[in-house]
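Trainee: using only what follows, build the 3D model:
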Amino acid sequence: MKVGDLFEVKRGNCSGLETHASGTIAFVSAGTSNAGVAGFVSKISGGRLFKDLPCLSVAANGDGGMAFASPKNAEFYATSDVAVLVPKWQHAFWQTDIQSKLIAVAAYIRKQRWRFGFGRKMSTRFADLDLDMSVIQSIIGAIVKTKPKVKTITQADVAALLAKLPNGVAIHDLFDMVKRNTFENSEASAYGTVPLVSASSNNNAVVGFIETQNPKDIVPGNTISVAKDGVPMISRVQANPYAVNTHVVPLQAKAGTKYTDKDLAIIAALIENQGWRYNYMRAAAWGRMGPQIIV
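Mentor: All right, here's what the predicted structure looks like:
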């Protein structure tokens, strides 16, 4: 089966985020951060607003993010470097477990990244991309078995959290750095009991798994991992216990403070939004990151 059998392939038509007024509509680029959402904009005259939901957005260009696919459940604009795959709802494949199937197809497309590059764009090849349905069905089975709950962060959620955070609040006012033993990426494998988190923006920053039961190795769940170098300030919510390499700063809410999973996701986005302040020569070590104002 091919992508074109299950999806109608469309394309974004907007220029870069910086050319548009800010607003409340998601703006999707070919990046890998925040599921490709680069920011939020107002109505764009002549912009193609995608409202056939749910669907998939896929980076069709940009050597680093190409083939990055993620489900979309709210209307959005997209740049011309983004393909939008709208399910052909009449196909029998979509009769049940729609969200699980979109996630599975997105995961499969991401794994095809190696097929494309600067000299071989995905741009004109989406509809003809083969889908291994046996692999996709196995992914769907795993997802359905775990019964994931897809949660949407609303404007009200953001407003409620911001109302609780004082202006001028810094990261070290909200979190403490968790000190744990670190591992090398080479120590990770495809199987294990504890995820190893890195500075990557992909796969929620998980690069593999290790075997350990030592409390000095394991960071508690419901914390935030932040990249201190590579692409500094990439921030990911880690719901489960994990280990880290030397390129990650794990952050845990200060004693006596509790954040919901939505709160953590919003704060992670606020932290990541400060990434422009750091680079290869100015790593976001805790001494710099901690005093960084995020609100």
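Trainee: CA only for contacts and neighbour counts going forward, please
Mentor: OK.
Trainee: ok, which stretches of the stretch 101-250 of the chain are helices?
Mentor: Here the stretch 101-250 of the chain has its helices, by DSSP state H, counting those that start in this stretch, at 133-146, 155-164, 171-174.
Trainee: helices and strands around the second one, which ones?
Mentor: With contacts defined as 3 or more C-alpha pairs under 8 Å, 6 or more residues apart in numbering; DSSP states H and E, the packing partners of helix 155-164 are helix 261-272.
Trainee: the helix it packs on to helix 155-164, inter-axis angle?
Mentor: 70 degrees (axes from the mean of the first three to the mean of the last three C-alpha atoms, to 10 degrees).
Trainee: could you export helix 261-272 as CSV, CA atoms only?
Mentor: Listed next in CSV are the C-alpha coordinates belonging to helix 261-272 (Å, rounded to 0.1, in the frame of the first residue of the first chain):
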residue,chain,number,x,y,z
ASP,A,261,1.4,17.1,32.9
LYS,A,262,-0.1,20.0,31.0
ASP,A,263,1.7,22.5,33.2
LEU,A,264,5.0,20.8,32.6
ALA,A,265,4.4,20.8,28.8
ILE,A,266,3.7,24.5,28.8
ILE,A,267,6.8,25.3,31.0
ALA,A,268,8.9,23.1,28.7
ALA,A,269,7.8,25.2,25.8
LEU,A,270,8.6,28.4,27.6
ILE,A,271,12.1,27.1,28.4
GLU,A,272,12.7,26.0,24.8
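Trainee: returning to what we had before: deepest-packed of the helices of the stretch 101-250 of the chain, please.
Mentor: Ranked by mean neighbour count, these are led by helix 171-174 with a mean of 18 (mean count of other C-alpha atoms under 10 Å).
Trainee: which residues are contacting it?
Mentor: 253, 254, 271, 289, 290, 291, 292, 293, 294 (C-alpha atoms under 8 Å, 6 or more residues apart in numbering).
Trainee: residues in contact with the last one?
Mentor: Contact analysis of residue 294 by C-alpha under 8 Å, 6+ apart lists 168, 169, 170, 171, 270, 271, 274.
Trainee: then the third one?
Mentor: Residues counted as contacts of residue 271 (C-alpha under 8 Å, 6+ apart) are 171, 233, 235, 294.
Trainee: what does residue 139 give?
Mentor: Contact partners of residue 139, counting by C-alpha under 8 Å, 6+ apart, are residue 104.
Trainee: hang on, the earlier thing: between the contacts of residue 271, which sits nearest residue 141?
Mentor: Residue 141 lies nearest to residue 235 out of those, by C-alpha to C-alpha, at 28.9 Å.
Trainee: that closest one and residue 227 touch, don't they?
Mentor: Yes - here residue 235 reaches residue 227: they are 6.6 Å apart, a contact under C-alpha atoms under 8 Å.
Trainee: low-confidence bits of the stretch 1-150 of the chain, can you list those?
Mentor: Residue ranges of the stretch 1-150 of the chain with pLDDT under 70: 62-64, 117-125, 146-150.
Trainee: strands of that one, residue ranges please.
Mentor: For the stretch 1-150 of the chain, strands defined by DSSP state E, counting those that start in this stretch occupy the ranges 7-11, 22-28, 37-41, 55-59, 69-72, 76-78, 82-87.
Trainee: the third one pairs with which strands, parallel or anti?
Mentor: It refers to strand 37-41. If you go by DSSP bridges, strand 37-41 pairs up with strand 22-28 (antiparallel).
Trainee: do the same with the last one
Mentor: Strand 82-87 has the following strand partners under DSSP bridges: strand 7-11 (antiparallel), strand 55-59 (antiparallel).
Trainee: could you dump the first one to CSV, C-alpha only?
Mentor: It stands for strand 7-11. Presented in CSV, the C-alpha positions along strand 7-11 are these (Å, rounded to 0.1, in the frame of the first residue of the first chain):
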residue,chain,number,x,y,z
PHE,A,7,-4.2,10.0,2.2
GLU,A,8,-4.9,13.0,0.0
VAL,A,9,-1.6,14.8,-0.2
LYS,A,10,-1.8,18.6,0.1
ARG,A,11,0.9,21.2,0.7
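Trainee: quick revisit: winner for burial among the strands paired with strand 82-87?
Mentor: Greatest burial across these, using mean count of other C-alpha under 10 Å, falls to strand 55-59, with a mean of 27.
Trainee: who's in contact with that one?
Mentor: Strand 55-59 is contacted from outside by 28-31, 65-73, 81-87, 102, 106, using C-alpha under 8 Å, 6+ apart.
Trainee: now do 6 Å
Mentor: When contacts are defined by C-alpha atoms under 6 Å, 6 or more residues apart in numbering, strand 55-59 is touched by residues 30, 66-72, 82-86.
Trainee: identify the farthest-apart pair in those residues.
Mentor: Farthest pair in the contacts of strand 55-59 (C-alpha to C-alpha) is 66 and 86. Separation: 18.4 Å.
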